[in-house]
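Chemist: Predicted model, plus sequence, below.
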Amino acid sequence: MRREGWSVRILFVLLSALIGYGIGGDYRFALTGLLLSGALAVVDGLTRREWLKGLFISSIGMSVGLAGAALILHLIKTSSQTDNPYLNVALPVILGYAGAMTAYRYRGLIPSLKVAKNPGAAESSYKILDTSVIIDGRIVDICKTQFIEGTLLIPRFVLRELQHIADSLDVLRRNKGRRGLDKLRELQELPDIDVQVIDEDYPDIQEVDAKLIRLARELNAKIITNDFNLNKVAELQGVTVLNINDLANALKPIVLPGETMTIKIIKEGKEFNQGVGYLDDGTMVVVENGRQFLGQTVLVEVTSTLQTAAGRMIFTRIKEEPKEQQREGQQEEQQPHGQRERERRGGFRPHPRGWSRGEDGRG
């Protein structure tokens, strides 16, 4: 049973008992209101169904309306010393209905029980963020473009995992956790994005990924993540997953065989004589015979592309040698043929003032 929100439920039970006593004028009516409201509060605490939550919130509004009607009728009886049976029926009905509908329509204003700010938000528009996508941070930029619709839900157990990472002794994990908390605060400050922290938890489940999948199934929500394993497991259980990495791969520019590009070769490839570089979006470019140009920027021609689960790879070959090597080749071509031969063989080199007697060994 969840502990959150019980202050509101206890207030509802006490108010129902007071209303029962006010309407019936007897402790039996107060006990009846106490038992009925207490049963409803317990059932609400044991379930997570949205329709029952709406019923519970509506009953609170109805109780407030009936309390107002009882107070008004008491004032009328006290001031005029008359009892109008039609007014005794009509006023509680009108104020009770008005209170119930008002509470239901504005149920998002109740902080302990709300799931979404927008009263008209459908369950299918809920999107649950996992820990990896919050730490990644790209979700903030996507939300700024308004491509994400609906309500973003942050489970409390995800916040606990973020806090645990931020308190880690490992420097890298600690920085990741703090980055995730900063990104989450930045996400909550966006004016057009509805972000809610919900208290649903599953003490019988230890793994965070399993909790996310169960929560998504109960709320008919989608999970936003960039965790490959969570993506596969959730899809096997019928949960829709929005993978940030898949979106990033889909937005990468398309290159066709024969196109040229400029790439800086920064490391050796796995195969013999290969060089590897990266585009600005992180796409790996494999350059055939590019090992000799390590650390240089070259013009390459695309030969083929390969799409994998980890991303896209582009295979290329050298289209044009670097300018440094071109200048060296031109300087070598401009030297006299005999001089190039002597330099390659390690022979004599011309003296700036010509040959002097004795330099070639002749007296």
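Modeler: Sure thing, it's come through.
Chemist: got the CA positions of the lengthiest strand in the chain in CSV?
Modeler: In terms of residue count, the longest strand belonging to the chain (DSSP state E) is strand 297-308. As requested, the backbone C-alpha atoms of strand 297-308 are provided in CSV (Å, rounded to 0.1, in the frame of the first residue of the first chain):
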residue,chain,number,x,y,z
THR,A,297,42.2,15.9,-43.5
VAL,A,298,41.6,14.2,-46.8
LEU,A,299,38.9,14.3,-49.5
VAL,A,300,37.2,10.9,-49.8
GLU,A,301,34.6,9.3,-52.0
VAL,A,302,31.7,7.2,-50.6
THR,A,303,31.7,3.6,-51.8
SER,A,304,29.0,2.1,-49.5
THR,A,305,27.0,2.6,-46.3
LEU,A,306,26.1,0.1,-43.6
GLN,A,307,23.2,0.5,-41.1
THR,A,308,23.6,-1.4,-37.8
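Chemist: by contact count, what packs against it?
Modeler: Counting contacts by 3 or more Cβ pairs under 8 Å, 6 or more residues apart in numbering; DSSP states H and E, strand 297-308 is packed against strand 260-264, strand 284-288, strand 311-320. In short, each C-beta sits where N, CA and C put it, glycine included.
Chemist: what's the angle from the first one to strand 297-308?
Modeler: The reference is to strand 260-264. 100 degrees (axes from the mean of the first three to the mean of the last three Cα atoms, to 10 degrees).
Chemist: Need the contact partners of whichever helix or strand comes after strand 260-264.
Modeler: Toward the C-terminal end, the helix or strand that comes next after strand 260-264 (DSSP states H and E) is strand 267-268. For strand 267-268, contacts defined as Cβ atoms under 8 Å, 6 or more residues apart in numbering pick out 274-276, 291, 294.
Chemist: quick one on the thing from earlier: now do the longest strand of the chain and strand 284-288, the angle between them.
Modeler: Angle between the axes of strand 297-308 and strand 284-288 is 120 degrees (criterion: the same axes, to 10 degrees).
Chemist: what are the pairing partners of strand 297-308, and which direction each?
Modeler: Using DSSP bridges, the strands paired with strand 297-308 in its sheet are strand 260-264 (antiparallel), strand 311-320 (antiparallel).
Chemist: what mean pLDDT does the first one have?
Modeler: Translated: strand 260-264. The pLDDT scores in strand 260-264 average 90.
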